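Colleague: okay, predicted coordinates and the sequence, questions at the end:
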Amino acid sequence: MNHQPSYYIARLKSEYLSRRGIEISLWSMAVAVLAFAIAYVVKPEFTGLTTVLSFTIAWVTLFLAFRLHKISSGLLVSYINMTYPQLQESADLLLKDTNSLTTLERIQLSKTLQQLDDLIPKINVPHHIGRAALALIASGIIVLVFAALDVRFDSIQQPGQKRGSETRESVKSEPPASLASFTIKISPPAYTQQRVYGSETFSLKVSEGSVITWQLKFSETPQRTTIHFAGKDSSNFDLQSDQFRITKQLTTSTIYQITWTDNSGVKHASDFYQLEVIPDKSPEITIRDLRQSIELTLKDKPTIDVKARISDDYNITEAYLIATVAKGSGESVKFREEKLKFSQPATISGKKVEARRTIDIRQLGLEPGDELYFYAEAFDNQYPTRNRTRTETFFITLLDTAALESVVDAGLGVDLMPEYFRSQRQIIMDTEKLLRNKKAISKKEFNFLSNELGYDQKVLRLKYGEFLGEEFESELAPSDEGAEEQIETGAQDGDDDEENLAEKFGHAHDTENEHNLVDEKKHNHADEAKDPEAKEDPLEAFVHAHDDAEEATFFLQSVRTKLKAALTEMWDAELYLRLYQPEKSLPYQYKALKLLKEVSNDSRIYVHKTGFDPPPIKEEKRLTGDLSEIKNSNREDDRWVGPLYPEIRKAVSTIDKLLLRERIQMTDQEKETFTRAGQELTPLALRNPGTFLPALSLIKKIQENQVKQGELQISLRTLQKILYSALPVQQNAAAAANARATDLDQSFIDNLQKLKND
Amino acid sequence: MFSFQPVASVWLISIALVILTAVLLWLEVTKAVHYKTLRVISALVLTVSLAAILLRPHIRTQSSGFSILVTDNTPATVIDSLKEKFPGADILSHGSGLDNSEKTSSPNHELAEKKIGIVTGNGLNAAALDVLPEKSFNYLPSDLPEGIIDLRLPKEIIAERNCELTGVINNQSDSVNLALSGPGGRIDSVTIAGKGLQPFSLGFVPKQAGNVGYRLSVNGKTETLPVIIHSPRQQRVLVIQMFPTFETNYLKNILASHHRLAFRYQLSKNNFRYEYINHPNIRIDRLTSEVLTRFDLVMIDMDAFAALSPAERKNLENSVKAGLGVLILFTESPKPGTNAQLFLPFTFRQIQKDTAHFHLGKRLTLPAWPVEAKTSAGKIIPIIENKERILTGYAYEGFGKIGFQLLQETYSLALQGDSSSYRNLWLSILHSNARTENRNFEISIANDFPIYESQPVQIEVKGSSTVAPTLVHNGIEVPMAEDLVIDDLWRTKVWAGEPGWYELQIKGDSVKTFYYVSDDSEWRSLATANAIRNTKKVSSDKPVQSHSSWEYKPFATWLFYLMFVISAAALWLTPKV
């Protein structure tokens, strides 16, 4: 079916437009892809913009170049005339006005239209879609090649670096760049019974004493490879064929780094790696279910069940109990030590052992009053010196119940041990109190209390008598000895009868010869003294005469006499107390107290004071008020503590400034600040690698421009946080006010003062 | 009704337009073209629009005599009410846009030409307020925005000292979490429950001096808080006592590491014992003016003071007036009711209590002299006080300060293991009593925080020199104008640049200060609250009076231009065949 001529023209035009449109789109995409690749390499942050712009520019340029905005009908007609000869160059008739055609032209036109009907589906308008597609594919291939090579503009520009030997960024445990392969072999000490093993990372955790071997192979053999340990010397690797090797035995944790110098003289450094040495711990031993101090009696079971839990990180080789038996008391204590092996298990071995031993105190020879001390000891298998641990000491006491029972037995009639030892002063106070309360109490009670006081007086007298070395009370009877030193007893003549009565009828209790069963031999020394012409004993020269018992005392003669006099007074005091006449006993008690005081003063020993012996006071200068020799004294001290870690502080401030920049570019000076901060941080990293080692790694990466621009801000913030945490909190500053005062303020104050004064 | 303001003579324009119209119409009419009617109409519209452009017609309208300035966050109902009440008033807008459209865009400079009678909404920022010639408007504030509306930091933040950030947040949710982070990570946080205006405070101890950007986050949204941290200044302290005491010995230990100390103990009338810590060995046997200028603070006990010669006392008095700080330590209860022969500007009144309970970070109890200080000359500025009395305080005497300390045995805090409280107590005392540093110039920023890009920054400089000081703003010299009335007071204005720190310095002087320009998206609620506060401050309480007047307003010229373009396009594009 024939259409109007304009139909065919329009159809050709639209087909041409669409084909060309596709072609220029493909060309533009190829250009955009190339631009993307180039931008990614040079300025990654501008890839989007570059891609869009290049596509747009390319498309517009091609559109204009192909003049798609003004497609000429004549050109199309010329094209189909040239391409399809069957149209007999008559396609021009399509452009003419049909009304102006001649008859011949009309005939030719209809013929042409018929041919166009057949041809129109087959007409190929000029285009180069295939080429454009190929160009797009080629640019895509180029981009893929770039990505595969991971080309970076900034890394290309680094001086001295060859492609393939660049230092790549490495995190804590990634191997250094340009390293083709590495092997790390760790040989733990033989006693740990651990096998040799390898590590896939440079950060190591090894047992104390392990031997570590590093074996490195580089893509290009460098001139020298060195390993640096923080705080220690560095060591060079040995080159063996094409591998660098070094072996070290380390006993302390450290941080290390590997550096190598390539053939062009450029030094490369790896990241910082942590080397943690796990020390061999001492065995742990605990004794379970046993009190630390046990008191046993003969009635108790004489065995102690000792259960020990022993553990070690590697192996326990030996464990036993050390028992010490202490026999006797006072200065005659004897000690005997024994080593007791655990009965279970038979052999102490392994990482965890539950050991047991039953101690029979009878077998150890303990007797009542003796003590047993024991502790447990364990050893591990560390070589060359074993680790040793011991427990605390346990005490087993076998009580001597016989001694106790004799004291506490209430069945005996007399309690030989008084509840407390009353002094003379106390007896006086109690006597006075009794006299005060005489009217308030009954006579029976009064007499009872008076007798009790008399008993106390007796006890006191006996105690003091011990100092005189007296064993028998009979010797303490009032005597005439030392008549010149006799102190008036205060017994008045009027009391003589009572005294005699007392002597006559008094019942001297608690004397050896209480019932006068034995004639007392009374020594009348006074008589002897009065009779200077007494006969000499003919045997005196031949008799082995011991010292007089009465001479046996701890004290000097005068003191002894006083003590004797005191005892005499005590006798009399006791007498009257027993006679229920405490008012008469008081004077004797006072005198006894006075004498006892004198005795205690006399028996004092004065010891020369040691230590500072001041120079003797110069009396001629004393109290003169002469200060001419006293000079002013000066003392200077320097306790200044400057701010700690100044380089770290500088680095923190530098990071603050860097973070404010839109595009972070560091100067060499700023990088140098980070280097110095890293040096200050190294000792902290040694002590606390988990916290501060990442900061050292970050500093290294930042210095070597290994951190992408987009990640730089985050990295700097992280670094700042770690550096800031290294700064101590010092609240020492008095922080004086930095308030400023200018001349204007001065004028203000001056005028204010004037107003005040006015 | 209408008036014209032609660009040239009306007759000239009219004649020219008539001729032009005639020519165009003739050309169109005589052509045998399709769309003739359209072309003729276009020609007429063309000439009419050209006439309007050249003649500039104005229409008479009624005016209330003032404009209503609508700022952000003004409810539509308020605007409608105002329009109803003041029908002739212009509605101007200032800010980022409203939901009502009857507004004309009013940049700051245009506000200067208007008489603003009413301001509504969030108010005007400092720059806009500065431009307004008259500030006699009424202000109808909007509600305070949600978020932080007040933020305060100490005027001077010093490294290694406790610092507190306080503020008020307008909370509209059940609870809000505020967290303060610094260079070392998160420092402090608080969760506030309860709606409405809630105060908050966050504490931190800056570890070092510098300009640091802390971060304050509110429910996860973080904003940069710029903090200027000063280095602690080294103090020079002179202690004069008759004999060493536990108190000064302990004090020596906390000050020795960072400050310069000199001690003088009097052994006899002419014999002294001197101790210098971090201080050069200088003669301090006589308190001369020269000696006293070398120190920032003199701590002297009453006995030692009584032993000073009259000349020394005079020197001390003069030095205090020149700026020296003096702290009096009591060795016995100050005699009440008398100044004795001391120059203390205090009198002391006997009271019963000899123990003081006070709060310094935590509740503390210490013995104290049973007296209360009063001053005849003016007010005592308290350093440590409780509900009953001032325990430590000072009063100004000239440029310097004279302080007193009633607490006893403060070293017992250190003995009990609370060395932190002991240190805080004495640092507060020394901090307050020490000499004020003399500077040639002082630079201050009048703007509230935050400052945004392109906002004017008002700068004041106090100081004197033989020549007018030159302010250097980030390396660029900025001229200043001296106040007309007050000598040595200079002002200038700079415009804030991109977000970041900016430095201000006086040329030839070491005095420096910094200010921070915040990002536009940060601290919006605080900026709004500041604008509301500042607008309220300058607004008038007197109701605005409306008085009607007539004025001629121009027609929108753009309309005539558009008509011209359309008609010309129509003439050009319509087929000519």
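Modeller: Thanks, I have it.
Colleague: show me the domain layout of the chain.
Modeller: Using chain A. For chain A, automatic domain parsing gives the domain ranges A:5-149, A:166-278, A:284-404, A:646-726.
Colleague: sorry, I should have been clearer: chain B.
Modeller: Using automatic domain parsing, chain B is parsed into the domains B:2-61+B:555-573, B:147-229, B:236-433, B:441-518.
Colleague: from the chain's centroid, how far away is the third one?
Modeller: Using CA atoms, centre = their mean, to the nearest Å, we find the averaged C-alpha position of domain B:236-433 to lie 35 Å away from the chain's own average C-alpha position.
Colleague: first-to-last residue distance for it?
Modeller: Criterion CA to CA, to the nearest Å; first-to-last residue distance in domain B:236-433 is 12 Å.
Colleague: can you check the shortest one too?
Modeller: End-to-end distance for domain B:441-518, by CA to CA: 26 Å.
Colleague: make TSV from the domains of chain B and add mean neighbour count, distance to chain A and mean pLDDT to it.
Modeller: C-beta here means a position set from N, CA and C on the backbone, and glycine is covered the same way. Shown next, in TSV, are those (neighbours: other CB atoms under 10 Å in any protein chain shown; distance: least, CB to the nearest CB, whole Å; pLDDT from 0 to 100):
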stretch	mean neighbour count	distance to chain A	mean pLDDT
domain B:2-61+B:555-573	14	17	85
domain B:147-229	17	4	91
domain B:236-433	18	4	87
domain B:441-518	16	4	88
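Colleague: what's near enough to touch B:L44?
Modeller: By CB atoms under 8 Å, 6 or more residues apart in numbering or on different chains, the contact list for B:L44 reads B:21, B:25.
Colleague: residue ranges of the strands in the stretch 251-400 of chain B, please?
Modeller: B:260-266, B:272-277, B:297-301, B:325-329, B:346-350, B:355-359, B:363-367, B:371-375, B:381-385, B:390-397, B:400-405 (DSSP state E, counting those that start in this stretch).
Colleague: tell me which element residue 426 falls in.
Modeller: In the absence of a named chain, chain A is used. helix A:424-436 (DSSP states H and E).
Colleague: switch to chain B, please.
Modeller: helix B:419-433.
Colleague: and stretch A:199-210, how far out from the chain's middle?
Modeller: With CA atoms, centre = their mean, you get 24 Å for stretch A:199-210.
Colleague: span of that stretch from start to end?
Modeller: End-to-end distance of stretch A:199-210: 13 Å, with CA to CA as the criterion.
Colleague: chain neighbours aside, what residue packs nearest to the residue nearest in space to the middle of chain B?
Modeller: What sits nearest the mean C-alpha location of chain B, by CA atoms, centre = their mean, is B:D448, with 3.4 Å. Spatially, and ignoring its direct neighbours in sequence, B:D448 is nearest to B:N530 (4.6 Å; CB to CB, 6 or more residues apart in numbering or on different chains).
Colleague: what's the closest of the domains of chain A to chain B?
Modeller: Closest approach to chain B among these (CB to the nearest CB): domain A:646-726, 3.6 Å.
Colleague: is that closest one anywhere near chain B?
Modeller: Yes: with CB under 8 Å from any CB of the partner chain as the measure, domain A:646-726 is seen reaching chain B through A:649, A:652-653, A:655-657, A:659-660, A:662, A:720-721, A:723-725.
Colleague: out of those, which are buried?
Modeller: Among these, those scoring as buried are A:649, A:652-653, A:655-656, A:659-660, A:720-721, A:723-725 (criterion: 16 or more other CB atoms under 10 Å in any protein chain shown).
Colleague: please tell me how far A:P345 sits from A:A319.
Modeller: Relative to A:A319, A:P345 is positioned 10 Å away (CB to CB, to the nearest Å).
Colleague: who touches both of those two?
Modeller: Contacts common to A:P345 and A:A319, judged by CB under 8 Å, 6+ apart, are A:353, A:355.
Colleague: pick out whichever of those two has more residues nearby.
Modeller: Using other CB atoms under 10 Å in any protein chain shown as the criterion, A:P345 and A:A319 rank with A:A319 on top: 24 against 13.
Colleague: which one of the domains of chain B lies nearest to A:Q709?
Modeller: Evaluated over the domains of chain B, closeness to A:Q709 peaks at domain B:441-518, with 18.6 Å, by CB to CB.
Colleague: below-threshold pLDDT in the stretch 651-758 of chain A: ranges please.
Modeller: Scanning the stretch 651-758 of chain A for pLDDT under 70 picks out A:730-743, A:753, A:756-758.
Colleague: what are the ranges of the helices in it?
Modeller: Listed in chain order, the helices of the stretch 651-758 of chain A (DSSP state H, counting those that start in this stretch) span A:668-687, A:689-703, A:709-726, A:743-757.
Colleague: and of these, who's closest to A:I304?
Modeller: helix A:668-687 (45.9 Å).
Colleague: the closest one: how far from the chain's middle?
Modeller: In terms of CA atoms, centre = their mean, the centre of helix A:668-687 is set 25 Å apart from its chain centre.
Colleague: now for it, which elements pack on it?
Modeller: The contact analysis (3 or more CB pairs under 8 Å, 6 or more residues apart in numbering or on different chains; DSSP states H and E) places helix A:668-687 against strand A:254-261, helix A:646-659, helix A:689-703, helix A:709-726.
Colleague: buried stuff in it?
Modeller: In helix A:668-687, counting by 16+ other CB under 10 Å, buried: A:670, A:673-674, A:677-678, A:680-681, A:684-686.
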